[in-house]
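pasting the sequence and the predicted coordinates here, then a few questions.
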Amino acid sequence: GAVVSQHPSWVICKSGTSVKIECRSLDFQATTMFWYRQFPKQSLMLMATSNEGSKATYEQGVEKDKFLINHASLTLSTLTVTSAHPEDSSFYICSASRREGGYTFGSGTRLTVV
Amino acid sequence: QKEVEQDPGPLSVPEGAIVSLNCTYSNSAFQYFMWYRQYSRKGPELLMYTYSSGNKEDGRFTAQVDKSSKYISLFIRDSQPSDSATYLCAMIEGGSYIPTFGRGTSLIVHP
């Protein structure tokens, strides 16, 4: 079945540093990648949508200069949290859509900024 | 009012019980309906996908859609402790590719 590999699964970083989260579709081409943020006991909050080779579309209220998304190929998308602060601590999840339909989620990244 | 409403629970049931999880929605443009299961600190995994009113069965899971009432359900038969997780409903408008998620219902199946 379709698999999306997300790394790292857990990261702690110091305030002010940047963190890159990577999502790879292992056995299919991801036409669109979605990036979500999830707070404890809350639903998935869509941050941005990206298509291969084009700029990401950010949801209202999401700072595009803070959350840099790169979708360089049909199998790789990255989210970089720049100048991270404690309020950026959260669970970040990617999801990839396939040409034939359906969505596959990565396993998530728990970011803790200290 | 949110487009998709889902009771966060938690819903606690004994092993072997039939579980009913529900979502209501207000957007009549939603055409595709999905149920995801999410274990703690993991990404969601797709359980069921349907686009028509009626029932769809897959093993112990049955997805039910009532478009006239804007109501969807997921039934789990013979629930097991391993079913303990958060269950998220998701919906997509026809012609769109961006799903809208419910907040998830936490299910606890105790032995």
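Noted; the coordinates are in hand.

list, one by one, the residues from chain A near chain B.
Contacts of chain A with chain B, taken as Cβ under 8 Å from any Cβ of the partner chain, map to A:4, A:6, A:32, A:34, A:41-44, A:46, A:49, A:91, A:93, A:95, A:97, A:102-108, A:110. (C-beta placed from N, C-alpha, C; glycine too.)

okay, strands next: where are they in the chain?
Picking chain A for this. Taking DSSP state E as the criterion, chain A carries its strands at A:4-7, A:10-13, A:19-25, A:30-38, A:44-51, A:57-58, A:67-73, A:76-81, A:90-98, A:103-105, A:109-113.

my question was about chain B, not that one.
Ranges of strands within chain B are B:4-5, B:11-14, B:19-25, B:30-38, B:45-50, B:54-58, B:61-66, B:71-76, B:85-93, B:100-101, B:105-110, based on DSSP E.

is chain A contacted by the second one?
No - for a cut-off given as Cβ under 8 Å from any Cβ, strand B:11-14 has no contacts with chain A; the smallest distance is 13.3 Å.

and residue B:62, how far from chain A?
In this view, residue B:62 and chain A are 20 Å apart by Cβ to the nearest Cβ, to the nearest Å.

and that residue, what are its bridge partners?
Here residue B:62 sits in beta bridges with residue B:57, residue B:75, as judged by DSSP bridges.

in this structure it contacts residue B:78, no?
No - contact between residue B:62 and residue B:78 fails when scored by Cβ atoms under 8 Å: they sit 12.0 Å apart.

so for those two, which sits in the more crowded spot?
In this view residue B:62 and residue B:78 are compared by other Cβ atoms under 10 Å in any protein chain shown, and residue B:62 has more residues nearby, 17 against 12.

do you know the pLDDT at the more buried one?
Per-residue confidence at residue B:62 stands at 97 (pLDDT).

from the chain's centroid, how far away is stretch B:104-111?
The chain centre lies 13 Å from the centre of stretch B:104-111; the measure is Cα atoms, centre = their mean, to the nearest Å.

go on, stretch A:58-70?
11 Å.

show the pLDDT at residue 32.
Chain wasn't specified; assuming chain A. 90.

switch to chain B, that's the one I care about
Predicted confidence (pLDDT) at residue B:32: the value is 92.
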